[in-house]
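> I would like to see how this sequence folds:
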Amino acid sequence: MALDTSWYTEIHTSEGSAFSLKVKEKLHDVQTPFQRIEVYETEGFGTLMTIDGLVMVTDRDNFIYHEMIAHPVLFTHPNPKDVLIIGGGDCGTLREVLKHPGVTRAQQVDIDEGVTRAAELYFPELCDSNNDPRAELYFDDGIKWVKDAAPGSYDVIIVDSTDPVGPAEGLFSAAFFRDCHRALRAGGIIVQQSESPLYHKKLINDMYTAMRSAGFDSTLTLNFPQCSYPSGWWSATMAGKGGDLSRFREQDASNKTFKTLYYNAAIHRAAMAQPEFMTT
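Residues are numbered from 1 along each chain as shown. So this is what the prediction gives:
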């Protein structure tokens, strides 16, 4: 949604708020069978991709989201080898997952090939690992993919989805979480982007309920800043099939062999802290 052609503006009427970026030019505009994908060049945030009028990724701050949805869960699992990414079409999460040398297979399943093709053109740095021999890219329905997966197929499932509307709505359901629980091995973990704690506390609480009813033993929400997303405060919620989500391989995280811009062991510890209003 735009106020004028020189600004991209995402309005959140229910919250009485909006987020705007000064636009230099529109680079891409495609209506796929699933959604509308637009790419802009902005003055302060570099390249911007939106889906159905909502911010998905910008050059300036995407590293926070991609690192926080990937590294905490991978350092929480004792030995992640087989990873499934549902969504994640911009491939930034895939890139972060494959920084972990112990990962032997990372399957990415996004329903809309148009997102990945746009990322290859306008965010090539996010696609650096697409040709890694451990990477498998599929353009398919992630809900059906998990439903059809053999029991115990994965160590970690990362749900890097859009907001819970349209194609992504089913990714927040108890039925989907039950299928994920079955597809995970003992000790497996699912992590899912869970919107803004400030704006969407009810959604997070509903996710806890659905994850627990699906058989997961524990849940934990990670908090982190994301200035281009609604309220500037974002989250990712983990659910474990056994194990303690509050414990992670802290020494491994401290001695990681790869570069990050945001994530480190201290950030991981801090992200697990819960504000008082989230504990009630």
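
> So what sits opposite the spatially most central residue of the chain in the bridge?
Of all residues in the chain, the one closest to the mean position by C-alpha atoms, centre = their mean is D160, 3.0 Å from it. Following DSSP bridges, D160 is listed with bridge partners G87.

> Tell me which residues of stretch 208-224 come out buried.
Buried positions in stretch 208-224, judged by neighbour count with 16 or more other C-beta atoms under 10 Å: Y208, A210, M211, A214, F216, S218, T219, L220, T221, L222, N223, F224. All C-beta spots, glycine's among them, are computed from the backbone N, C-alpha and C.

> among those residues, which are in helices?
Residues from the buried residues of stretch 208-224 lying in helices, with DSSP state H as the criterion: Y208, A210, M211.

> picking that back up, just list the residues touching the residue nearest to the centre of the chain, thanks.
I69, I85, I86, G87, G88, T93, Q193 (C-beta atoms under 8 Å, 6 or more residues apart in numbering).

> is it true that the fifth one touches Q108?
Yes: here G88 reaches Q108: they are 5.5 Å apart, a contact under C-beta atoms under 8 Å.

> Which residues are in contact with each of the two?
In contact with both G88 and Q108: L94, using C-beta under 8 Å, 6+ apart.

> of these two, who's got more company?
A side-by-side neighbour count of G88 and Q108, using other C-beta atoms under 10 Å, places G88 first with 30 against 25.

> can you tell me how far the more buried one sits from E276?
Here G88 is placed at a distance of 32 Å from E276 (C-beta to C-beta, to the nearest Å).

> what's across from Q193 in the sheet?
Applying DSSP bridges to Q193 yields these beta-bridge partners: A236.

> Can you say which helix or strand has I204 in it?
Using DSSP states H and E, I204 falls within helix 201-213.

> Packing partners of that helix?
helix 174-183, strand 218-225, strand 233-240 (3 or more C-beta pairs under 8 Å, 6 or more residues apart in numbering; DSSP states H and E).

> any idea of the angle it forms with strand 218-225?
150 degrees (axes from the mean of the first three to the mean of the last three C-alpha atoms, to 10 degrees).

> so which of the helices and strands packed on helix 201-213 gets nearest R36?
Between R36 and those, the shortest separation by C-beta to C-beta is 22.5 Å, and it involves strand 233-240.

> ok, then the element right after that closest one?
Going down the chain from strand 233-240, the next helix or strand is helix 250-254, by DSSP H and E.

> which parts of that next one are buried?
A253.

> Any stretches of the stretch 51-200 of the chain with poor pLDDT?
162-170 (pLDDT under 70).

> just the strands in it please.
Using DSSP state E, counting those that start in this stretch, the strands assigned to the stretch 51-200 of the chain run over residues 54-58, 82-87, 105-110, 135-139, 154-160, 184-193.

> winner for burial among those strands?
Counting by mean count of other C-beta atoms under 10 Å, strand 154-160 has the highest mean neighbour count of those, with a mean of 26.

> what's the pLDDT at L203?
If you check L203, the pLDDT there is 92.

> what about the lengthiest strand in the chain, distance to the chain center?
Longest strand of the chain, by residue count under DSSP state E: strand 17-31. Taking C-alpha atoms, centre = their mean, to the nearest Å, one finds strand 17-31 lying 21 Å from the centre of the chain it belongs to.

> Kindly report the same for stretch 49-57.
The chain centre lies 14 Å from the centre of stretch 49-57; the measure is C-alpha atoms, centre = their mean.

> ok, now stretch 87-102?
In this view, stretch 87-102 has its centroid 10 Å away from the chain centroid, taken as C-alpha atoms, centre = their mean.

> Now do the same contact list for D110.
Counted by C-beta under 8 Å, 6+ apart, D110 has contacts I86, G87, G88, G89, T116, L137, Y138, F139, G142.
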